[in-house]
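>>> would you be able to build a 3D model of this:
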Amino acid sequence: MSTSTAPTQAPAEQVAAPTAPPRKVRRRGERSRAASLASHGVLSLASLVALFPVAWLVYLSLGPDKNDYLHPGRIWSKMTFDNYVFVLQDTNFFDWLKSSLIVSLGTTVIGVLVAATTGYAVSRMRFPGYKKLMWVLLVTQMFPIAVLIVPMYQILSKLQLIDNYLGLILVYCSTAVPYCAWLLKGYFDTIPFEIDEAGRVDGLSPFGTFFRLILPLARPGLAVAGFYSFITAFGEVAFASTFMLSDTKYTFAVGLQSFVSEHDAQRNLMAATAVLVAIPVSAFFYLVQKNLVTGLTAGGTKG
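Numbering: from 1, shown residues only. Okay, the predicted model is just below:
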């Protein structure tokens, strides 16, 4: 008698529950898409706010009439470059350009050189009164220009430097050097002192160490100091209008005042001149922008 076994029923397959997709882990410092869009929107808006005055100035400079700024909508139909032609041909524009470049570049070279040697000496040497020297430089920044004009005029008059480029350069250096000395002193502090010792071991003098080793490392800081000195001298009005008496020695800032009289203001010519004035500053900024950004954001420690 044979026995038969009933087929065993296979166990029902268990249906796996759906699993949620793995959550994406955001890396440290990584922003979400919404945050990225918001930041780009804010930056775009800030760029428009910064560029609007420049674009508006260029637009007004194309109006042929001095009162077009009162009705800017009418400029679009009658744009012209006559204002630029008049400024370049019928004014002392190129004399103003020469004076501005002489004074600005002279202030930059002399001011940065004096500030760099002062900042380096205070950073590396411990001589009597080195702390008080820096505080004295800081105090000189607290006096308003109106207080300084009279004594400076008397000093320059005795030195026969009135209506002289050198006199105006020295006046601007008295403003630029204190700030630049503080700036470069802090930058020199970040450069390791071992570099100075290595230079002395190799037989370099203190001046050789400063010019051949320290200054190349401090190039970003020098760029910031140079840019500040250049802008300070290029756009200053009070000292230039007081100490420069000849029309051919006016700087741009003083030359612009020739378009304004007691009963008249040629704003279209002022706008055209202002646009032309911005060209040398923009070119100088373009030359130093790489080191300028590095000097403002990074330290001077190398290696």
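
>>> could you find the closest non-adjacent residue to Asp65?
Of all residues not flanking Asp65 in the chain, Asn268 sits nearest, at 6.6 Å (Cβ to Cβ, 6 or more residues apart in numbering). All C-beta spots, glycine's among them, are computed from the backbone N, C-alpha and C.

>>> again, but for Asn67
Distance criterion Cβ to Cβ, 6+ apart; nearest residue to Asn67, sequence neighbours excluded, is Arg267 at 7.8 Å.

>>> looking at it, that neighbour is touching Asp65, isn't it?
No: between Arg267 and Asp65 no contact is recorded; they are 9.5 Å apart, counting by Cβ atoms under 8 Å.

>>> ok, back up a step: now do the contacts for the residue nearest to Asn67.
Going by Cβ atoms under 8 Å, 6 or more residues apart in numbering, Arg267 touches 60, 66-67, 69, 259.

>>> format those as CSV; extra columns: secondary structure and pLDDT.
CSV is the format used below for those (DSSP: H, G, I helix; E, B strand; the rest coil; pLDDT from 0 to 100):
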residue, secondary structure, pLDDT
Leu60, helix, 88
Lys66, coil, 81
Asn67, coil, 82
Tyr69, helix, 80
Phe259, helix, 85
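
>>> next up, the contacts around the nearest residue to Leu60 once chain neighbours are set aside.
In space, and not counting its chain neighbours, Leu60 is closest to Ala271: 4.5 Å by Cβ to Cβ, 6+ apart. Ala271 is in contact with 57-58, 60-61, 63, 69, 83, counting by Cβ under 8 Å, 6+ apart.

>>> for those residues, which one is nearest Thr248?
Distance to Thr248 across the contacts of Ala271 (Cβ to Cβ) is lowest for Asn83, with 21.8 Å.

>>> just the helices from the stretch 201-303 of the chain, written as ranges.
206-209, 215-217, 219-234, 238-243, 252-255, 267-297 (DSSP state H, counting those that start in this stretch).

>>> got those as JSON lines, with mean pLDDT columns?
JSON lines is the format used below for those (pLDDT from 0 to 100):
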{"stretch": "helix 206-209", "mean pLDDT": "85"}
{"stretch": "helix 215-217", "mean pLDDT": "87"}
{"stretch": "helix 219-234", "mean pLDDT": "88"}
{"stretch": "helix 238-243", "mean pLDDT": "90"}
{"stretch": "helix 252-255", "mean pLDDT": "86"}
{"stretch": "helix 267-297", "mean pLDDT": "79"}
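
>>> out of the ones you listed, nearest to Gly129?
helix 206-209 (19.3 Å).

>>> how about that closest one as CSV, C-alpha atoms only?
Below are the C-alpha coordinates for helix 206-209, written out as CSV (Å, rounded to 0.1, in the frame of the first residue of the first chain):
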residue,chain,number,x,y,z
PRO,A,206,68.2,95.7,7.0
PHE,A,207,67.3,97.8,3.9
GLY,A,208,68.1,94.8,1.6
THR,A,209,65.9,92.6,3.7
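
>>> which neighbouring elements make contact with that helix?
helix 194-201 (3 or more Cβ pairs under 8 Å, 6 or more residues apart in numbering; DSSP states H and E).

>>> counting contacts, what elements does the helix it packs on pack onto?
For helix 194-201, the packing partners by 3+ Cβ pairs under 8 Å, 6+ apart are helix 206-209.
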